[in-house]
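In: got a predicted model here, sequence first, then my questions.
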Number of protein chains: 6
Amino acid sequence: MATVEFVEYEDASHEVRQVYDDIMTTRKIDWVNNFWKALAVEPGLLKHTWQRVKTVMAPGALDALTKELIYVAVSVTNGCPYCIKSHTAAARKKGMSEAMLAELMAVVGMANQTNALASGFQVELDAAFENGGRKAL
Amino acid sequence: MATVEFVEYEDASHEVRQVYDDIMTTRKIDWVNNFWKALAVEPGLLKHTWQRVKTVMAPGALDALTKELIYVAVSVTNGCPYCIKSHTAAARKKGMSEAMLAELMAVVGMANQTNALASGFQVELDAAFENGGRKAL
Amino acid sequence: MATVEFVEYEDASHEVRQVYDDIMTTRKIDWVNNFWKALAVEPGLLKHTWQRVKTVMAPGALDALTKELIYVAVSVTNGCPYCIKSHTAAARKKGMSEAMLAELMAVVGMANQTNALASGFQVELDAAFENGGRKAL
Amino acid sequence: MATVEFVEYEDASHEVRQVYDDIMTTRKIDWVNNFWKALAVEPGLLKHTWQRVKTVMAPGALDALTKELIYVAVSVTNGCPYCIKSHTAAARKKGMSEAMLAELMAVVGMANQTNALASGFQVELDAAFENGGRKAL
Amino acid sequence: MATVEFVEYEDASHEVRQVYDDIMTTRKIDWVNNFWKALAVEPGLLKHTWQRVKTVMAPGALDALTKELIYVAVSVTNGCPYCIKSHTAAARKKGMSEAMLAELMAVVGMANQTNALASGFQVELDAAFENGGRKAL
Amino acid sequence: MATVEFVEYEDASHEVRQVYDDIMTTRKIDWVNNFWKALAVEPGLLKHTWQRVKTVMAPGALDALTKELIYVAVSVTNGCPYCIKSHTAAARKKGMSEAMLAELMAVVGMANQTNALASGFQVELDAAFENGGRKAL
């Protein structure tokens, strides 16, 4: 059980309903998932989080599926069950195949391993990587 | 300074040199970065890690750049400076534009925020996400 | 199910009962929560952890509620369900309002996001922050 | 060195300068710290992050210092050096005494320890904590 | 429920069955745990992970029980329930006594606490520890 | 630079000096490392942390070297540079060979990888592991 009472549509204020409506319209679904119903305990938190998620996850220089894969990668590294399951579902909806999921996990597993090895030996940075490979302006 | 003595090419065993050669050939460069020189203190660790990285990061269902972005996302979430800088450089080499980097960070930041919110309120999983959206066989 | 057998009051040694009694007296309750019953498998671990928690969480330069909010913030960032739920309950008992909880989560979410952004871009420290703002003695 | 080129005021667009101006006005200082100069590579990321930080960190149900302490607690748990130093400085500016800092760290240390113990023994939740102590509506 | 369909022995390909058989033979058991059945969605991931686990966890300079304790310590720090429970069981099978488990947790808890304190105060490294105590060659 | 002023021996109170003396006596060295000099800003924090570290790290059901390896494993997983370097040095002093260090890192890397995979696929726990393999009393 969540640590706050979910705000259901029928009990929601006008301000909260507007966000719920926008979530359903944007995602072309007729329900709102629990995450948003928890955030609705503070309408400002709900509204700003949703607006920013909507903007950040929209296709841009990176397509929507790539962004969703990145979201899953972060969620796995943080070990957040709700986030892993909901964003794995979202990624599948956006076209992630089973082969893509398996490769995503292989990369995430490998990155977690080599992160530990680089930290574990306290490897000092090569000069070539100092600025993350950025070009002179 | 690393906690182990790097194994330089000129001091390396035949087994280690073979891995170093393969790294340079695969990446079309003429040097080996410190990470591998640290792992070389245990040739088996070096060899298996490199072979697996090579396999996992090769294009498959996901292209090489997408995999590199995922690698950076994990490294940022773990807060590993060596990993962030070296893989940001690798991603740029594979075609990551400055716009893509900015969007990558926006997604990683957003995911870390919403992971905290989902955990913080201990939101219980919606039935629809229970199996991560997988289809019946 | 926990990985150790809980030590119930009726089965506890004199040493363990003394700690349980002190927990109940200090908290003005008539039961002991599972966390302590697990630690009791090693009486020294139980005793020292409880004594230190009691000291650290007592009002001092920071009041008891502020300390509890900090505890929740750490627990959320670590993603520890037991800790989040038990300390959210403790914070409410000490006076945390629903508005405070919502603001706590907004700050925790924001901090996790900006932590990722600062790490993600590997922002170097401004000279002004080098010593964390401490004054000359 | 950061993985992106900082956007200095003199090179900034009108949109970025407006944010920089607001940061300096709000904080009553005449310089902008590196974190924002990195985010400015993507003006939308800069603008939304700043606006949200400004809102979230403003006094509300929790006062500004308490929010800053929570920010530091998260940053320590994530091990983000930039964040720890800059927000420790910010907390001191908002009135954190040396005694408060020491108590903050004692709580953060204790919470990280007991989080590990609760996870380590996989302690199952007491029924009393199931909903985080929330009252019936 | 996992986000992928487990691959059961009776439905498995020859390649996957070979790994399952090797797991059961190596561990002298007649069943395969869910972790491997999930990885089997990508036979290469299954095969390489198992082969590497088998090699890495075999007795060497460190004995098998010590390696298992280290595994548990990492899993606790990451807060991975599956990993904590399965490796605690594995450690017991390899001879971990209840006293050892309690001491393991005491160390893991202490390390998590002092890690937070060292980060929290941003303690700079003593020159004596710079190279992790390694001897000149 | 640390966020607090180190307390040097010559400036320390009697209470702090007693702890410093005990650290040097216990470790058979003639200096105190920075970690303790930072904690000394709050003598109670210094004293209790040291006393507990001394007790927890002393040989018991687990020998002193095994405990130190576990400490390093946690520190690597948390990515704490001070902790990794100081405890790697401590482990070497207690007899960790270069081969042991390499195996330690191999296990830590593998555990971080498989933790990510178990979380990533959200593998549900096998009934056999439910209680972490504990025996009936």
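Out: Right, received. Where do you want to start?
In: for the rest of this, base every contact and every neighbour count on C-alpha atoms.
Out: Will do.
In: which helix of chain A spans the most residues?
Out: Longest helix in chain A, counting residues (DSSP state H): helix A:98-120.
In: mean confidence (pLDDT) on that one, please.
Out: If you average the pLDDT over helix A:98-120, you get 98.
In: do the same with stretch A:31-44
Out: The predicted model gives stretch A:31-44 an average pLDDT of 98.
In: who touches that stretch?
Out: Stretch A:31-44 is contacted by residues A:2, A:4-8, A:15-16, A:20, A:23-24, A:45-46, B:117-118, B:121, B:123-126, C:99, C:102 when judged by C-alpha atoms under 8 Å, 6 or more residues apart in numbering or on different chains.
In: convert the C-alpha atoms of that stretch to PDB, please.
Out: Only the C-alpha atoms of stretch A:31-44 are listed here, as PDB (Å, rounded to 0.1, in the frame of the first residue of the first chain):
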ATOM      1  CA  TRP A  31      -7.100   5.200 -17.200                       C
ATOM      2  CA  VAL A  32      -4.500   6.900 -15.100                       C
ATOM      3  CA  ASN A  33      -1.800   4.800 -13.400                       C
ATOM      4  CA  ASN A  34      -1.100   4.900  -9.700                       C
ATOM      5  CA  PHE A  35       2.100   6.900  -9.900                       C
ATOM      6  CA  TRP A  36       0.100  10.000 -10.900                       C
ATOM      7  CA  LYS A  37      -2.700   9.300  -8.400                       C
ATOM      8  CA  ALA A  38       0.000   9.500  -5.600                       C
ATOM      9  CA  LEU A  39       1.600  12.700  -6.900                       C
ATOM     10  CA  ALA A  40      -1.900  14.300  -7.000                       C
ATOM     11  CA  VAL A  41      -1.700  14.700  -3.200                       C
ATOM     12  CA  GLU A  42       0.200  17.800  -4.200                       C
ATOM     13  CA  PRO A  43      -1.300  19.200  -7.400                       C
ATOM     14  CA  GLY A  44       1.700  21.300  -8.200                       C
END
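In: any idea how far that stretch is from the chain center?
Out: 16 Å (C-alpha atoms, centre = their mean, to the nearest Å).
In: how about stretch A:101-111?
Out: 16 Å.
In: near chain E at all, it?
Out: Yes - on the criterion C-alpha under 8 Å from any C-alpha of the partner chain, stretch A:101-111 is in touch with chain E at A:102, A:106.
In: and that stretch with chain B, contact?
Out: Yes - part of stretch A:101-111 sits near chain B under the criterion C-alpha under 8 Å from any C-alpha, namely A:103-104, A:106-108, A:110-111.
In: one step back: list buried residues within the contacts of stretch A:31-44.
Out: Among the contacts of stretch A:31-44, the ones that count as buried by 16 or more other C-alpha atoms under 10 Å in any protein chain shown are A:2, A:4-8, A:16, A:20, A:23, A:45-46, B:117-118, B:121, B:123-125, C:102.
In: got the residues of chain A near chain E?
Out: Within chain A, the residues that sit near chain E (C-alpha under 8 Å from any C-alpha) are A:79, A:85, A:88, A:99, A:102, A:106.
In: out of the contacts of stretch A:31-44, who's near chain D?
Out: Among these, chain D is touched by A:2, A:4, C:99 when using C-alpha under 8 Å from any C-alpha.
In: I figured the last one hits C:M105, correct?
Out: No - C:A99 lies out of contact with C:M105 (C-alpha atoms under 8 Å); the separation is 10.0 Å.
In: run a quick neighbour tally on the closest residue to A:A116 other than its chain neighbours.
Out: Spatial nearest neighbour of A:A116, chain neighbours left out: F:G109 (5.4 Å); criterion: C-alpha to C-alpha, 6 or more residues apart in numbering or on different chains. Neighbourhood size, F:G109 [other C-alpha atoms under 10 Å in any protein chain shown]: 31.
In: doesn't A:S119 make contact with F:G109?
Out: No - using C-alpha under 8 Å, F:G109 makes no contact with A:S119, being 9.9 Å away.
In: which residues touch stretch A:126-134?
Out: B:33-34, B:84-90, B:92-93, D:1-4.
In: buried ones in it?
Out: A:129-134.
In: tell me how far the most centrally placed residue in chain A lies from A:E103.
Out: With distances taken as C-alpha atoms, centre = their mean, the residue of chain A nearest its centroid is A:Y71 (3.6 Å). Remark: distance between A:Y71 and A:E103 (C-alpha to C-alpha, to the nearest Å) = 15 Å.
In: and what of A:I84?
Out: 15 Å.
In: of those two, which one has the most company?
Out: Comparing A:I84 with A:E103 by other C-alpha under 10 Å, the one with more neighbours is A:I84, at 27 against 21.
In: close to chain B, is the strand or helix carrying the more buried one?
Out: Per DSSP states H and E: A:I84 is located in helix A:81-93. Yes - under the criterion of C-alpha under 8 Å from any C-alpha, chain B is reached by helix A:81-93 at A:82-90, A:92-93.
In: which among these gets closest to chain F?
Out: Closest to chain F out of the residues of helix A:81-93 next to chain B is A:I84 (6.9 Å), distances taken as C-alpha to the nearest C-alpha.
In: Provide a list of residues in contact with the closest one.
Out: A:I84 makes contact with A:72, A:75-76, B:132, F:120, F:122 under the criterion C-alpha under 8 Å, 6+ apart.
In: kindly report the same for A:G109.
Out: Shown in contact with A:G109 (C-alpha under 8 Å, 6+ apart): F:112-117.
In: who wins for neighbours among these?
Out: Busiest of the contacts of A:G109 [other C-alpha under 10 Å] is F:A116, holding 30 neighbours.
In: quick revisit: what angle separates the longest helix of chain A from helix F:98-120?
Out: With axes from the mean of the first three to the mean of the last three C-alpha atoms, to 10 degrees defining the directions, helix A:98-120 sits at 150 degrees from helix F:98-120.
In: show me how far helix A:98-120 is from its chain's centre.
Out: 17 Å.
In: and stretch A:15-29, by the same measure?
Out: Distance of stretch A:15-29 from its chain centroid, counting by C-alpha atoms, centre = their mean, is 18 Å.
In: which residues touch that stretch?
Out: Outside of stretch A:15-29, the residues within contact range by C-alpha under 8 Å, 6+ apart are A:9, A:30-32, A:36, A:40, A:43, A:46-47, A:50.
In: what's the farthest-apart pair in these?
Out: Longest distance between any two of the contacts of stretch A:15-29 is 20.4 Å, between A:D30 and A:P43; criterion C-alpha to C-alpha.
In: so those two - more neighbours on which side?
Out: Remark: of A:D30 and A:P43, A:P43 carries more neighbours, 20 against 10, as counted by other C-alpha under 10 Å.
In: in chain A, which spans are helices?
Out: A:14-27, A:34-39, A:43-57, A:64-78, A:81-93, A:98-120.
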